[in-house]
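Q: can't give you the sequence, but here's the structure:
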Ligand SMILES: CC1=C(CCC(=O)O)c2cc3nc(cc4[nH]c(cc5[nH]c(cc1n2)c(C)c5CCC(=O)O)c(CCC(=O)O)c4C)C(CCC(=O)O)=C3C
Ligand SMILES: [Fe+2]
């Protein structure tokens, strides 16, 4: 697909055995000021699952689904995969592409929103990998944040309806939707997006989350009340991060008499460890303690609408088309301005 001769999936990476856990966590947190206690605690999350993060297998499954979709549509791009924090490392993948004679690559990151961790850091990873490989490294164009693409939204609509259907019929109609995204430091949130555009006081990431929650809720139907909540906070307690934490909010809702919640992990692309532990273990325990009925919607994973979105985004980039999106924020970071989502 002109001008590209390869597709690259870029992801976070995760450990796949017990011995990988500590070196992986050291990679993730190098130079990022995460307290040691937090690291030990997060290590336990991985050990609880035998040292295996689900994220790498989820990337393999997504690649298989993209391959089948590309083949059916006659898109003959080879597919490569590289991670920020674990094997297969992005630098090794870029070296392999250079060896294979790949010159120009279109890349998708497994993060849908604008903020440093989800967007800018992947651009930095690409620069670093290309520099390490040298003059033979291919040019790599990273696809823009895709938070309001219809394929991303539709997969959540489907999964949220399925979660509502798992609730007892008498609780379904009044169930509260809890939209859960990764918390980030307030300073990182405020620096998110394109500095030349207008954002709300909390920055582009929170604006995007609010739009996505509205879009999903409207399409699910049934006029459910909903809240935006955050999970997976780390960093020292002295540093302010986005709130409310999902567990704190559930506490308040239970006190207000809410009986059932559907948690929608709308900040994520697959059910990786932060979903499997922070929601399916921790938030589930909170719900049980409070006597709150909880169901968790699946994240996109390999939902057909999400897989079709990947091809649409590749074509959009190849053809230089206007970005497809359902909100007024679609163009945020679209042109990847050189200073979007920077930590200031
Ligand atoms: C916005 C965001 C996403 C969502 C977008 C996306 O999906 O990419 C995300 C995803 C992920 N985060 C992940 C894992 C971790 N994140 C950490 C730490 C941090 N995340 C941050 C932000 C985000 N993270 C931040 C601001 C920190 C503080 C340190 C720093 O400023 O960089 C730490 C360190 C320990 C801790 O403190 O928790 C770990 C182990 C995994 C892999 C899960 C698996 O193994 O299955 C995934 C997909
Ligand atoms: Fe994270």
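A: Good, I have the coordinates. Everything quoted here is computed from the prediction, not taken from an experiment. Ligands and ions are numbered 1, 2, ... in the order given.
Q: can you give me the strands in the chain?
A: Here the chain has its strands, by DSSP state E, at 6-11, 79-83, 104-109, 139-142, 176-182, 226-231, 260-264, 293-296.
Q: contacting residues around the third one?
A: Read that as strand 104-109. Applying C-beta atoms under 8 Å, 6 or more residues apart in numbering, the external contacts of strand 104-109 come out as 3-11, 77, 80, 97, 118-119, 122, 126, 138-143, 310, 313-314, 317-318. For the C-beta atoms, the positions are set from N, CA and C on the backbone; glycine is no exception.
Q: Against ligand 1, which of these make the cut? List them.
A: residue 118 (C-beta under 6 Å from any ligand atom).
Q: Which positions in the stretch 201-344 of the chain make contact with ligand 1?
A: Within the stretch 201-344 of the chain, the positions near ligand 1 by C-beta under 6 Å from any ligand atom are 232, 234-235, 267-269, 272-274.
Q: can we see that at 8 Å?
A: 205, 232-235, 267-270, 272-276 (C-beta under 8 Å from any ligand atom).
Q: Out of the residues you listed, which two sit at the greatest distance?
A: 235 and 270 (23.6 Å; C-beta to C-beta).
Q: out of these two, which sits in the more crowded spot?
A: For residue 235 and residue 270, the more surrounded residue by other C-beta atoms under 10 Å is residue 270, and the numbers stand at 23 against 17.
Q: From what I see, residue 262 and residue 161 are in contact.
A: No - with contacts counted by C-beta atoms under 8 Å, residue 262 stays clear of residue 161, the gap being 9.5 Å.
Q: higher neighbour count, the two?
A: Neighbours around residue 262 and residue 161, counted as other C-beta under 10 Å, are more numerous at residue 262. The numbers are 27 against 15.
Q: Show the model's pLDDT score for that one.
A: Model confidence at residue 262, given as pLDDT, is 98.
Q: Distance check, the residue nearest to it when sequence neighbours are not counted against residue 295.
A: Spatial nearest neighbour of residue 262, chain neighbours left out: residue 163 (4.7 Å); criterion: C-beta to C-beta, 6 or more residues apart in numbering. In this view, residue 163 and residue 295 are 4 Å apart by C-beta to C-beta, to the nearest Å.
Q: which neighbours do those two share?
A: Common neighbours of residue 163 and residue 295 (criterion: C-beta under 8 Å, 6+ apart): 262-263.
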